[in-house]
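**Q** return atomic coordinates for the entry below.
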Amino acid sequence: MAQGPSVRRRRLAGELRALRERAGLTGDRVAEVVGWSASKLSRMETARVGVRAKDLLLLFDLYQVPESRREALLTLARTDRRRGWWDMYDSIPTEYANYISLEVAASEIKRYDLLLIHGLLQSEAYARSVIRSGLMSLAPAQEVDRRVEIRLTRQETLRRPDPLKLWVVMDEAALRRVVGGPEVMRDQCKHLVEQGERPNVTIQVLPNRVGAHPGAVGAFSIMEFPGKHDPAVVYVETMASSLYIEDDTDVHRYGLVFDQLRAMALGPEESLEMIGHIAEQL
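**A** Numbers count the residues shown, from 1 in each chain. Next up, the predicted model:
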């Protein structure tokens, strides 16, 4: 998909799949009974489209959903995309807003970075340099300021009462790339050490000496959620768009790659020592 579904739409889709399976019905059988195409039900159950209230009521009757659960599911459908702090920013792209909503709802993110420090771990000066470079000096200073503010606000997920658990494996190349000049990079490395000491943040460095590895194809995030029917999703960002991978087999494959990367990387303590040493060199 080019755009990720909202958190609530994913949750509703998971609930609908669970209700159908509990009723012992196949997707084809449900589509036949209610007079839909099988693809329509599939799009609902994979959160690719929203679900209208009248369609929900049809499924409730077929699945024999008790009245006590119906209102909660109808509320999920009505509030398909809950407003969040990111909605205060005018003209924020829908694709970015969807990503932030997933990041805020996630309980844990496992991230591999190849060339740059992950946004949740960036210092303000580093973030400003990355954002300015990405915009290729085509945007006004106010737009750069706005994007930096959004990025720094996202980092509050690491400091909230129920903080996001973040496990990052970063390639040594991301630390050696001097973004914004030596002083900015030195402060960024010190910032990483401070963040890595948080109980909910784990940072590992994949040293250059390991050579070829399964993450060489590019950065990715595995986002996990607390809901029982809210499966993990892999997020991959490209130059032109963003890709959300939700197929269980593919998500599992990315999980295996991440496990191998962190096994090849330096341990958390050794990684922070290396980052501190790079800061001293700068």
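**Q** could you give the mean pLDDT of the helix or strand containing residue 249?
**A** Using DSSP states H and E, residue 249 falls within helix 248-264. Here helix 248-264 scores 95 as its mean pLDDT.
**Q** how about stretch 88-99?
**A** Taken as a whole, stretch 88-99 carries a mean pLDDT of 77.
**Q** then stretch 19-27?
**A** For stretch 19-27, the mean confidence score works out to 92.
**Q** buried stuff in it?
**A** Of all the residues in stretch 19-27, those buried under the rule 16 or more other CB atoms under 10 Å are 19, 20, 25, 27. C-beta: built from backbone N, CA, C; applies to glycine.
**Q** ok so, going back, now the angle between helix 248-264 and the very next helix or strand once past the helix holding residue 249, please.
**A** Heading C-terminal from helix 248-264, the first helix or strand you meet, by DSSP H and E, is helix 268-281. Using axes from the mean of the first three to the mean of the last three CA atoms, to 10 degrees, the direction of helix 268-281 lies 70 degrees away from that of helix 248-264.
**Q** other SSEs contacting helix 268-281?
**A** Packing contacts for helix 268-281, counted by 3 or more CB pairs under 8 Å, 6 or more residues apart in numbering; DSSP states H and E, involve helix 172-176, helix 182-196, strand 201-206.
**Q** correct me, but residue 157 touches residue 119?
**A** No - Residue 157 lies out of contact with residue 119 (CB atoms under 8 Å); the separation is 11.0 Å.
**Q** on that earlier part again, name the residues that touch the helix holding residue 249?
**A** 110, 112, 167, 169, 204, 206, 210, 213-215, 220, 222, 231-234, 245 (CB atoms under 8 Å, 6 or more residues apart in numbering).
**Q** can you rerun that using 10 Å?
**A** For helix 248-264, contacts defined as CB atoms under 10 Å, 6 or more residues apart in numbering pick out 110-112, 167-171, 202, 204, 206-207, 210-211, 213-215, 217, 220-224, 231-236, 245, 247, 268.
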